[in-house]
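Novice: make a model of this:
(chains A and B)
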Amino acid sequence: MTSYFSAAFLLAFLPATVVCYQLAPRRARWAVLLAASYAFFWVLSGPLVVFVIASTVSIWAAGLALDALASRRAADLARQGVDRRRARRLWGRRMRLALVVGVGVNLGILGVLKYAGFVCELLAPLGCALPPAPSIGLPIGISFYTLQAVSYVADVYRGSSRADRNLARLALYLAFFPQIMEGPICRYDQTASALWAGEPVTAQGLFSGGARMLWGVTKRMVVANRLNLFVQTVFGDPGSYDGGMVALAAALYTLQLYCDFSGTMDVACGMGRVFGVSLPENFRQPFFSRTASEFWQRWHITLGAWFRDYVFYPVSLSGPVKRLTSSARRGLGNRVGPAAASGVALLCVWLGNGLWHGAGTQYLLFGLYYFVLIWAGGLLAPASEAVCARMGVARDGALWHAFQHVRTLLVVVAGELLFRSSSAVEGLGLLVRATLGFRASSLVDGTALSAGMDAADFVVTGAFVVALLVVGVLRERGACPLEAVWRRGAVARWAVCCALIVTTVVFGAYGAGYVPVDPMYASF
Amino acid sequence: MDTILDILDELKPGVDWRGRTDLVDGRELDSLTIISLIAELEDAFDVVVPAVEIVPENFNSLEGIWALVRRLREQGL
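Specialist: Next up is the predicted model:
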């Protein structure tokens, strides 16, 4: 059992967990989920399970400490004749200390396990001799559950969540097996109660969850696995290919990443539905975006929301940045001023976002790439509107929207090219080759068919992209295809499930000649 | 409430602030405008708006913003 897509998981582990969950008395179902979650973690990460236990205990203790301090602060402020301003400062300091310890333990574990080696590498040329980084390995999903742990402590500190005295409930919130590998990154208030409630498995939950899982498996098996051959071939030896092939590989990698990650999210959300837990959505038709900023509100939504709530707003509302915003607004106007000042918070967000994806210079470059694009987008918006007005371009017209869609698509593909590279230097080189050195000849002279995918593979991929577009348009118009199928009765439900299974079996890229994709985001 | 209206008009002229209940959801107030609005509210009403209060319910309407300011003033933040 190596991922949600392995036969052992889909045919043995998950069904066994569902059966045990349903047979258990309602008040004990949380124990089934927790035992399954830790068993899953153990199978994938072995003794590294101690790190998720350490994170759980640390946020439990931090939550209790914050709760106790908040109660004592309230009692102190209620006393007659107390200097309220002084009392607030005193208790505020103590609560901030508990927050820093709770967050610091979790970010510290992540920092040592994931980034120590990278920091040593960066500092070595400068002559800084650091102790060698520990080679312990990374527990599965550490980047995801650490953000959940931090959000819990921050929410208790801010008073938007209550501290949970129940260690087991917190453990389940952090380690719930459908989300532990690749998210979505949940907030405590979104899932903890539902996980604990032990809702029974229903026919509708089984169908909608199962069909959603099948859709995810189909996306991954038919598209992501198939594209893996081409992507690995070109990116494995990029020096042997010209700009056209590199550009095509970047485009196919973008599609592969989408089908792999969103397919995994379909499986995660589907499993959640089976257990009566509604996990937050991570994708909302990202390729329909018209700006880079909008793309990140539709792609990996829970990560973007995490950085918005726990980095962008706190940094923007810090004293110095607020003063900078006010003076920039007065000096540069209501639009350009705040956009210019937002650079500080945006830089924090995008450096964090880039590094969160991995310890490598290519991820730093990836973060800076989006920082520049989004910051410049805000700064140049008034100028862009003025140019359009002068040229008579209708910004609410279909032509302008089409231009925006194509531009955003190119921006996203270029970003994924940097992201897929093995270093920032290689990424920049490939970007230059794919743009300035672009030649369409290799795309039509048969070279494209010699890198792992034949014509049939391209046809199957193209057909599935059309299916994805149709589903995307339906969802964009507010339709929910699974609910519509459910309402049509048992025949329609079985027909859809069978169609997805047959599609996966017939067109899936598996067996001899194919290398299954490693769960891409699980390694982040 | 008129002070808030003046601030909003200055930040983004031409919006019918009184008639709207979807200022955030309808994207009239994006994150940058909210940050500017908060800076102005803090100056005008001598309050501190913590990050936890940046939720759509507090900024979707003029009444919501006014209720937030009143609440923060009562709390003496």
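Novice: so A:Y369 sits right up against A:S421, yeah?
Specialist: No. Judged on C-beta atoms under 8 Å, A:Y369 makes no contact with A:S421 at a distance of 11.6 Å. (Glycine included, C-beta is placed from N, CA and C.)
Novice: the nearest residue to B:V47 once chain neighbours are set aside: how many residues sit nearby?
Specialist: Leaving aside its chain neighbours, B:V47 sits nearest to B:L72 (4.1 Å; criterion: C-beta to C-beta, 6 or more residues apart in numbering or on different chains). B:L72: 19 surrounding residues under other C-beta atoms under 10 Å in any protein chain shown.
Novice: residue contacts, B:L72?
Specialist: By C-beta atoms under 8 Å, 6 or more residues apart in numbering or on different chains, B:L72 lies in contact with B:F45, B:V47, B:V48, B:V49, B:E53.
Novice: residues touching the residue nearest to the spatial centre of chain A, list them.
Specialist: With distances taken as C-alpha atoms, centre = their mean, the residue of chain A nearest its centroid is A:H300 (3.9 Å). With contact set as C-beta under 8 Å, 6+ apart, A:H300 has these partners: A:G183, A:F261, A:N282, A:F283.
Novice: do you know the pLDDT at the closest residue in space to A:I109 that isn't next to it in sequence?
Specialist: Counting by C-beta to C-beta, 6+ apart, A:I109 lies nearest to A:F51, which is 5.8 Å off, once chain neighbours are set aside. At A:F51, the pLDDT value in this model is 96.
Novice: please apply the same query to A:M95.
Specialist: At A:M95, the pLDDT recorded in the model is 93.
Novice: that one and chain B: what is the separation?
Specialist: 12 Å (C-beta to the nearest C-beta, to the nearest Å).
Novice: correct me if wrong: that residue contacts A:Y157.
Specialist: Yes. The pair A:M95 and A:Y157 passes the contact test of C-beta under 8 Å, sitting 6.1 Å apart.
Novice: residues of chain B that sit close to chain A?
Specialist: By C-beta under 8 Å from any C-beta of the partner chain, the residues of chain B that approach chain A are B:10-12, B:31-33, B:35-36, B:38-40, B:42-43, B:49-52, B:54, B:76.
Novice: A:R395 should be in a helix, yeah?
Specialist: No. Read with DSSP: H, G, I helix; E, B strand; the rest coil, A:R395 is coil and lies in no helix.
Novice: list the contacts of it.
Specialist: The contact partners of A:R395, taken as C-beta under 8 Å, 6+ apart, are A:E385, A:C388.
Novice: for it, give me the backbone phi and psi.
Specialist: With angles defined as degrees, to the nearest 10, A:R395 sits at phi -70, psi -10.
Novice: lowest-confidence one in the contacts of A:H300?
Specialist: A:G183 (87).
Novice: helix/strand/coil for the residue of the stretch 401-524 of chain A found nearest chain B?
Specialist: Closest to chain B within the stretch 401-524 of chain A is A:G478: 14.7 Å, counting by C-beta to the nearest C-beta. Assigned by three-state DSSP, the conformation of A:G478 is coil.
Novice: which residues of chain A lie near chain B?
Specialist: A:84, A:155, A:158-160, A:308-309, A:312-314, A:316-317, A:322, A:325-326, A:329, A:334, A:337-339, A:342, A:378.
Novice: picking that back up, now the buried members of the contacts of A:H300.
Specialist: Among these, those buried by neighbour count (16 or more other C-beta atoms under 10 Å in any protein chain shown) are A:G183, A:F261, A:N282, A:F283.
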